[in-house]
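Student: dropping a prediction and its sequence here:
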Amino acid sequence: MIILSFQVHSQEWIRIFGDNKSEIGSSVIETYDKGYVIGGYIMPDHHTPLYGWIIKTDINGGLLWDKKIHNDSFWAPINDIQQTNDGGYIISGSTREYDPAYDPFILKLNACGEMEWCKIYNTPENMDFAVRIFQLDDGGYISLFWYYACYNTRQRMWLFRLDKDGELLWNKVYRDTLSSTINENCNDLLITKDKNYVLTGFIDHEDEPGSNWYWIKPYWAIIDKDGDQWDQTIWWAFTQYHGFAYDSEEDSFSNIYSCGENHYNLENFCPVLFKLAPSGDTLWHKDLIENTEHGSANVLNLYNDSTIVIGGGWNYPGNECCDIALIKTDTLGNVLKIKILKEDVYAPVSMIKTFDGKIVVIDNFVINGTNWDLYMFKVNADLEYDTIYTQPFTYDSLCPHPIVSDTIEMDCDVVVNIPEEPEKEYTAPLKIWPNPAIDEIHIKLPEYIVNQQKNELFNVTHFNHQYQEKAALQFYDIFGRKVYELILTKGQKEVVVNVSFLVKGIYIIRLLYNGSQASTGKFVKE
């Protein structure tokens, strides 16, 4: 039984979810009916994820239903949940069903919380995670994967592009080629107004070449909507600047604000706010709380053009416990107000602004030194606890029947054999038979098209798994004259071509994708 506690001391808007296990929240969203959905997981003890977990509340935080994902044999913690344009949900996480080291999964639920499709990306004995996911304008999805298919220090950041049915369109790995940087870690994926992607995280940098001493630096990467352009910015203005970047948002002028940690010496760090130009150039950083022993800013929300709300925590030297708080600043990083939520050591994990301008934030705290409980806080624009809504709201209206609390068993498609060695450049040849041919030939198309790009800083390897929409087969005779062209359609894996009209001779077949040659083959017509 999930226990919901309403804290009403001094009209505090605090909701606590917990039972005799540990309940952890990872991501909170506002739903189409003005309720809230939280994705996370349940642990039987202090350390081990057990079930994926989804809870739905009304606008006042009252529990409507909850669902467990999978069972205690396989585990499936949720890292991110978003609402889709049909009122359903798209979920990213990791599961141990096929690999004790975890495989990424993507799960689509309908508006009733019932499974529509599920994909598990199996890479045996590798620890892989699907960190963030968003639906795109065409109904497909973009997901941030971390570590996928390797433990390599230079192959850790991936984007997976899926169609609306979860079929893989392309996946790309971004590899740093500088010897001075390793271990890219991504915490957040942001989609900008221009439909570009911003990755936020941190990287290990060797400040003194050859020293083998690597220091953590905040890190941002900007990628275009097709994943084909790459830019990277690291805060270099101060050679001794070390720290993390956790969360990013874009303002109306296309500037990027990020929050994180400033490690201003080897032992002390504090919450920090960054500002980046649309180009990715870092403009400034501002320490939010100074003279702290430990401190971090984990989540932020651009409340409007002049105000930012940041969730973080810190403690001062000599204090055992931390202040977990919301910080309101202007867009220059000047602190306007601080709202202490709780004394604890774990900073907020997810935050949203509601339809009516309120802030909802979730956090996880250890209770009595044993189990975790999920906390949800709601405040207004002045960071004061929100009031209770008394008007009626209708929830889950897109579902034709009442939604019940139950367990969702993930009957997933298992995706295997996605390339694990992106540094190996190759293009599979066309397979053609019979050869020689008289009346017709069969042509087996490559499973994917491999494209590599390299610039001063990065290698980008692109695996396009559904390229046929922009692909064609062109037939040439030995004199280089094009004699036939066949436009390919999406999903084709093999084609049959009538070649009885061709004169005897040798013919070259070119597979074109996006105007470039992707593969070739030849056959003899008798």
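Tutor: Cool, got the structure. Residues are numbered from 1 along each chain as shown.
Student: lowest-confidence helix or strand of this structure?
Tutor: strand 230-234 (a mean of 47; mean pLDDT, DSSP states H and E).
Student: where exactly do the strands run in the stretch 401-526 of the chain?
Tutor: Using DSSP state E, counting those that start in this stretch, the strands found in the stretch 401-526 of the chain span residues 406-408, 413-415, 431-433, 440-444, 449-454, 458-464, 471-476, 482-487, 494-498, 505-513, 516-525.
Student: then the stretch 51-200 of the chain?
Tutor: Under DSSP E, counting those that start in this stretch, the stretch 51-200 of the chain gives strands at 51-57, 63-69, 78-83, 89-95, 103-109, 115-121, 129-135, 141-146, 157-162, 168-176, 181-191, 197-206.
Student: for the ones you listed, which one sits closest to T31?
Tutor: Among these, the nearest to T31 by CB to CB is strand 78-83 (5.7 Å). For every residue, glycine as well, the C-beta is placed using N, CA and C.
Student: can you give me the angle the closest one makes with strand 103-109?
Tutor: 30 degrees (axes from the mean of the first three to the mean of the last three CA atoms, to 10 degrees).
Student: direction included, what does strand 78-83 pair up with?
Tutor: Based on DSSP bridges, the pairing partners of strand 78-83 within the sheet are strand 89-95 (antiparallel).
Student: isn't S405 right up against I54?
Tutor: No: using CB atoms under 8 Å, S405 is not in contact with I54, being 9.8 Å away.
Student: okay, the two: which has more neighbours?
Tutor: More crowded of S405 and I54, by other CB atoms under 10 Å: I54, with 25 against 16.
Student: so how far is E116 from that one?
Tutor: Distance of I54 to E116, given as CB to CB, to the nearest Å: 15 Å.
Student: ok, the spatially most central residue of the chain to W146 distance?
Tutor: With distances taken as CA atoms, centre = their mean, the residue of the chain nearest its centroid is R132 (2.0 Å). With distances taken as CB to CB, R132 is found 9 Å from W146.
Student: over to K482?
Tutor: K482 is 45 Å from W146, by CB to CB.
Student: the two: who's more crowded?
Tutor: W146 (21 against 11).
Student: the more buried one reaches V131, doesn't it?
Tutor: Yes: shown here, W146 and V131 form a contact pair, counting by CB under 8 Å, at 5.2 Å.
Student: overlap of the contact sets of those two?
Tutor: C186 (CB atoms under 8 Å, 6 or more residues apart in numbering).
Student: could I get the pLDDT score of the nearest residue to D137 once chain neighbours are set aside?
Tutor: Nearest non-adjacent residue to D137, counting by CB to CB, 6 or more residues apart in numbering: K195, 7.7 Å away. Per-residue pLDDT puts K195 at 91.
Student: same check, this time on the one 10 residues further on
Tutor: Here, the pLDDT recorded for H205 equals 79.
Student: D80 now?
Tutor: 98.
Student: what's the answer for S143, then?
Tutor: 97.
Student: hmm, back to that, now do the residue nearest to D137 against F134, distance only.
Tutor: 11 Å.
Student: ok, the two, which is more surrounded?
Tutor: Neighbour count, other CB under 10 Å: between K195 and F134, F134 has more, with 18 against 12.
Student: that one contacts L189, correct?
Tutor: Yes: with contacts counted by CB under 8 Å, F134 reaches L189, the gap being 7.0 Å.
Student: overlap in contacts of the two?
Tutor: 142-143.
Student: sorry, back to before: turn the strands of the stretch 401-526 of the chain into a markdown table, including mean pLDDT and distance to P271.
Tutor: Formatted as a markdown table, the strands of the stretch 401-526 of the chain follow (pLDDT from 0 to 100; distance: least, CB to CB, whole Å):
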| stretch | mean pLDDT | distance to P271 |
| --- | --- | --- |
| strand 406-408 | 93 | 37 |
| strand 413-415 | 87 | 39 |
| strand 431-433 | 91 | 57 |
| strand 440-444 | 94 | 56 |
| strand 449-454 | 61 | 37 |
| strand 458-464 | 57 | 30 |
| strand 471-476 | 90 | 50 |
| strand 482-487 | 92 | 56 |
| strand 494-498 | 93 | 57 |
| strand 505-513 | 86 | 47 |
| strand 516-525 | 83 | 47 |
